[in-house]
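Asker: Take this sequence and fold it.
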Amino acid sequence: MAVATGVASRPAAPEAMRTLRVWDLPVRISHWVVVLSILILSVTGYYIANPFLITHGPTGFLMGTMRFVHLGFAFIFTAAVLFRLYWAFAGNHWARWREFVPIGRRRLGLLRQQGQYYFFMRRTPPPQVGHNPLAGLTYTVIYVLFVVQILTGFALYSIPMGQGFWQGAFGWMVVLLGATTLRLVHFLVM
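Answerer: So this is what the prediction gives:
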């Protein structure tokens, strides 16, 4: 028989909690390098497309500086994207490509449940650690767009370079699509 004493009883001890590191250090670093690169590439790219400051004289080579910074960060961006693509095969469970491309019965079921949640057909989201399948699918599309940006950007860079590596590696896109189309695609994807 329980007797009320007026003193609240102590709650039951919670289940043992453990720390789970979903996003490991390489993912975090590559993420922020990509974010910083996109920011700088956007600012310099919009300036290159539509220069709003015109300078003259020995200290006024602003367009050259913008192009140099744009190209430098294009290499940094490319390295970060390539590293993240590599890490999709070498990283932990949540960084792997299978967590981004919804294949397999479990991920497709979670994709359906997540879609139902987003369309208010389900009250609670499905339990998920890491990216849900719709977020993973979105990141897959974003990385495809990153690759398009890299290819079109280096193709545009190959135009004034003449014969050599750049023409050999990326000049075929200029021949196939033309410089105007490449610039348009590069600009619109951004």
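Asker: quick one, helices of the protein?
Answerer: 25-49, 62-90, 105-118, 133-158, 165-177, 179-189 (DSSP state H).
Asker: can you redo the ones you listed as CSV with mean neighbour count and mean pLDDT?
Answerer: Quick note: C-beta positions are derived from backbone N, CA and C, even for glycine. Formatted as CSV, the helices of the chain follow (neighbours: other C-beta atoms under 10 Å; pLDDT from 0 to 100):
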stretch, mean neighbour count, mean pLDDT
helix 25-49, 16, 95
helix 62-90, 16, 94
helix 105-118, 15, 89
helix 133-158, 17, 93
helix 165-177, 14, 90
helix 179-189, 14, 94
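Asker: These: which one's closest to residue 19?
Answerer: helix 25-49 (14.4 Å; C-beta to C-beta).
Asker: Now tell me what touches that closest one from outside.
Answerer: Under the criterion C-beta atoms under 8 Å, 6 or more residues apart in numbering, residues 23, 53, 63, 66-67, 69-70, 73-74, 76-77, 80-81, 83-84, 87, 91, 95, 146, 187, 190 lie in contact with helix 25-49.
Asker: so how far is that helix from its chain's centroid?
Answerer: Averaging C-alpha positions (C-alpha atoms, centre = their mean, to the nearest Å) puts helix 25-49 9 Å from its chain's average.
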